[in-house]
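A.B. asks: my questions concern the predicted model and sequence given below.
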Amino acid sequence: VALAGVRVEAILLGAQRNVIATSMKNIEVMTDAQGRATFTNLSITGQVGTYEILFIPSGLGAVISDFVELAPGTPKTLRMALQPWGARSGDVLNQQPRVEILDMSGNIAVSGAGEQVVAEVVGAGRISSSLSTSRVELNANGAANFSQLSIAGTAGLYQLKFSSPGVQSVVSESFAISSGDAAEVRVVTAAGGAASGKAFTQQPVVETYDADGNLIREAGWVINATVSSGVATLTNTSATTDDAGRATFTDLTASGKMGDFAIAYSVKNGRDIVAAVESEAISLAAGDAVKLMMVQQPVDLPSGGLMSVSPEAQITDDWGNPTTAELTVRVVLNGTKLEERRNINLESWKVDVAPNKDGKVRLESPSFTGTTQSLEFLFSAGTQLGAVRSAKFALTPGVPTQLEIADFAPMPSGSLVAGPGATKRLTARLRDSAGNLVDNVPYPVHATVPQSDGAWLNGYPHAESEDGFVVFPAVKIYGVTGGSVTVVLSVGNLFD
């Protein structure tokens, strides 16, 4: 019918021929002179699918079009199809995100296939996986499926932003990142109060951190302590972290010689041993007193004289470190036929000595009188410290105090004589106060005859001792043809 000016309206119908409230534009036109209604720029905006269009002329009967297939429109925005789930810092996310590209009506815009979707962290933090895992291409279904995405940073809540050229980006929901693998050890409380063989009076406390400085608040991490410098030996060297991430050592003990040392604390993160952190220098003191040891040995002693050194024993710990204790040390002299300068018999000589403040037991320049022999000291402190023997030392002849005439010995004629043809020589010997023969006396022995005897000596009336004996080989008496003559022997100004 050639009827101009009739208004024709287009209405979108669904599969059940129900009216769809989907946006259509340019839905009304007027018929021309031939009675035709020609639509221009008629457009449908909505979900993809199969539609029909109902054309309703004003005052006339309606007509329905053939089926119309609505395809996705131009890509406009990104949408989170699968939200990311958290993980440990540096680990792959427990649920990898999936992003879809949509048109303005929310339809998946398959025409965006091949475009890249880039993931980045909102705010602080960083993508710790490689660049390739943070860039994914949209597939033929308009989806970008991430598979190896990981985040490293301070533990806390994070969001990811996904973007693609020419479309609106999208931000994920918040998800949690916890601390990662152990990468660092920090000493919270340093070890202190180190005495050899005894537990530290202040036990160390150590925490573990990941590569981003997050405290690892997990139980079960084993911290090991080793000596990094110095010569100490450690025992009870492991501690395990609690739920708060702290490892508190119990009974960590250092042993060895006194001096400075340092401790290195390390943790194994499942793959490698994390670089250890070293403590400051720790001074190792002596431990408990457990034994005696000689530090100044005695030396040979002339009978009746003073020893040139003062023998000393030291109270020590198990490692020979000098220490002290409140006790008395008994010193016993092992020897025979001894007497003091007061002539008291010392066959069972002993003395009790209290250690000084440094733990030394000192015999101050001891003196003994007796026959020559080998001696030793025994320092003992009962079951608490045991005993120690000194090195052996000799009691040697002392200062000569006695000069005696030995028997005349046969000799060629011409020495000390009492009348023509005599064949005896005079021999004297020197002894100390204990009766020991004294040799190598640094004073000559003089022989004289009193004038009252009416005789005199000729030759060299002086001789020196050798092996304790003094022999006068070239002295003669003149002026006596009979009777007795007194020969007086003297040693310098010591005695007659």
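C.D. replies: Sure, I can see it.
A.B. asks: now the end-to-end length of stretch 150-158.
C.D. replies: Start-to-end span of stretch 150-158 (C-alpha to C-alpha, to the nearest Å) is 12 Å.
A.B. asks: ignore the last one, stretch 182-193
C.D. replies: Using C-alpha to C-alpha, the two ends of stretch 182-193 sit 29 Å apart.
A.B. asks: list the buried residues of that stretch.
C.D. replies: Neighbour-count burial for stretch 182-193 flags Ala182, Ala183, Glu184, Val185, Val187, Ala191 (criterion: 16 or more other C-beta atoms under 10 Å). Every C-beta, even on glycine, is put in place using the N, C-alpha and C of the backbone.
A.B. asks: adding distance to Gly259, secondary structure and pLDDT, write the residues you listed out as CSV.
C.D. replies: Shown next, in CSV, are those (distance: C-beta to C-beta, whole Å; DSSP: H, G, I helix; E, B strand; the rest coil; pLDDT from 0 to 100):
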residue, distance to Gly259, secondary structure, pLDDT
Ala182, 32, coil, 86
Ala183, 32, coil, 85
Glu184, 29, strand, 87
Val185, 25, strand, 90
Val187, 21, strand, 94
Ala191, 15, coil, 96
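A.B. asks: all helices of the protein, in order?
C.D. replies: Secondary structure of the chain (DSSP state H): helices at 382-385.
A.B. asks: shaky segments in it?
C.D. replies: Within the chain, the stretches with pLDDT under 70 are 21-22, 124-132, 270-275, 335-348, 406-426, 441-443, 451-485, 492-496.
A.B. asks: for the buried residues of stretch 182-193, work out which two are farthest apart.
C.D. replies: Ala183 and Ala191 (22.7 Å; C-beta to C-beta).
A.B. asks: and stretch 72-79, what's buried?
C.D. replies: Pro72, Gly73, Pro75, Lys76, Thr77, Leu78, Arg79.
A.B. asks: so which of the residues you listed is the closest to Ser134?
C.D. replies: Using C-beta to C-beta, these come closest to Ser134 at Leu78, 14.8 Å.
A.B. asks: quick check: that closest one touching Gly166?
C.D. replies: No - the pair Leu78 / Gly166 is not scored as a contact, 10.8 Å apart, by C-beta atoms under 8 Å.
A.B. asks: now the nearest residue to Arg186 once chain neighbours are set aside: how far from Ala239?
C.D. replies: Excluding its sequence neighbours, the residue lying closest to Arg186 (C-beta to C-beta, 6 or more residues apart in numbering) is Glu207, at 5.1 Å. As judged by C-beta to C-beta, to the nearest Å, Glu207 and Ala239 stand 11 Å apart.
A.B. asks: give me the common contacts of those two.
C.D. replies: Ala247 (C-beta atoms under 8 Å, 6 or more residues apart in numbering).
A.B. asks: for Leu292, see how far away Phe200 is.
C.D. replies: 27 Å.
A.B. asks: should've said Gly86
C.D. replies: 66 Å.
A.B. asks: now do Ile282
C.D. replies: 28 Å.
A.B. asks: Asn224 too?
C.D. replies: 37 Å.
A.B. asks: list the contacts for the most centrally placed residue in the chain?
C.D. replies: With distances taken as C-alpha atoms, centre = their mean, Ile263 lies nearest the centre of the chain, 1.8 Å away. Neighbouring residues of Ile263 by C-beta under 8 Å, 6+ apart: Ala191, Pro204, Ala225, Thr226, Val227, Ser228, Leu234, Glu278, Ser279, Ile282.
A.B. asks: leaving aside the residues adjacent along the chain, what's closest to the first one?
C.D. replies: Same thing as Ala191. Excluding the flanking residues, the one nearest Ala191 by C-beta to C-beta, 6+ apart is Pro204, at 4.2 Å.
A.B. asks: wait, the one you found touches Val185, no?
C.D. replies: No - using C-beta under 8 Å, Pro204 is not in contact with Val185; the gap is 10.8 Å.
A.B. asks: okay, and the common contacts of the two?
C.D. replies: Contacts common to Pro204 and Val185, judged by C-beta under 8 Å, 6+ apart, are Tyr265.
A.B. asks: near the nearest residue to Gly142 once chain neighbours are set aside, how many other residues are there?
C.D. replies: Spatially, and ignoring its direct neighbours in sequence, Gly142 is nearest to Ile108 (3.9 Å; C-beta to C-beta, 6+ apart). Look at Ile108: counted by other C-beta atoms under 10 Å, it has 19 neighbours.
A.B. asks: what's the spacing between Ile108 and Asp210?
C.D. replies: 39 Å.
A.B. asks: go on, Ala144?
C.D. replies: Taken as C-beta to C-beta, the span from Ala144 to Asp210 is 29 Å.
A.B. asks: again, but for Gln297
C.D. replies: On the measure of C-beta to C-beta, Gln297 and Asp210 end up 60 Å apart.
A.B. asks: who has more neighbours, these two?
C.D. replies: Shown here are Gln297 and Asp210; by other C-beta under 10 Å, Asp210 has more neighbours (24 against 14).
A.B. asks: neighbours around the residue nearest to that one when sequence neighbours are not counted, how many?
C.D. replies: Counting by C-beta to C-beta, 6+ apart, Gly180 is the residue found nearest to Asp210 once chain neighbours are left out, at 3.8 Å. Gly180 sits with 24 neighbouring residues when counted by other C-beta under 10 Å.
A.B. asks: isn't Gly180 up against Gly213?
C.D. replies: No - using C-beta under 8 Å, Gly180 is not in contact with Gly213, being 10.4 Å away.
A.B. asks: the residue nearest to Val388 when sequence neighbours are not counted pairs with what?
C.D. replies: Leaving aside its chain neighbours, Val388 sits nearest to Leu292 (4.4 Å; criterion: C-beta to C-beta, 6+ apart). Note on Leu292: beta-bridge partners by DSSP bridges are Ile315.
A.B. asks: surely Leu292 touches Gly382?
C.D. replies: No - using C-beta under 8 Å as the test, Leu292 is too far from Gly382 to be in contact (10.8 Å).
A.B. asks: done for today, thanks.
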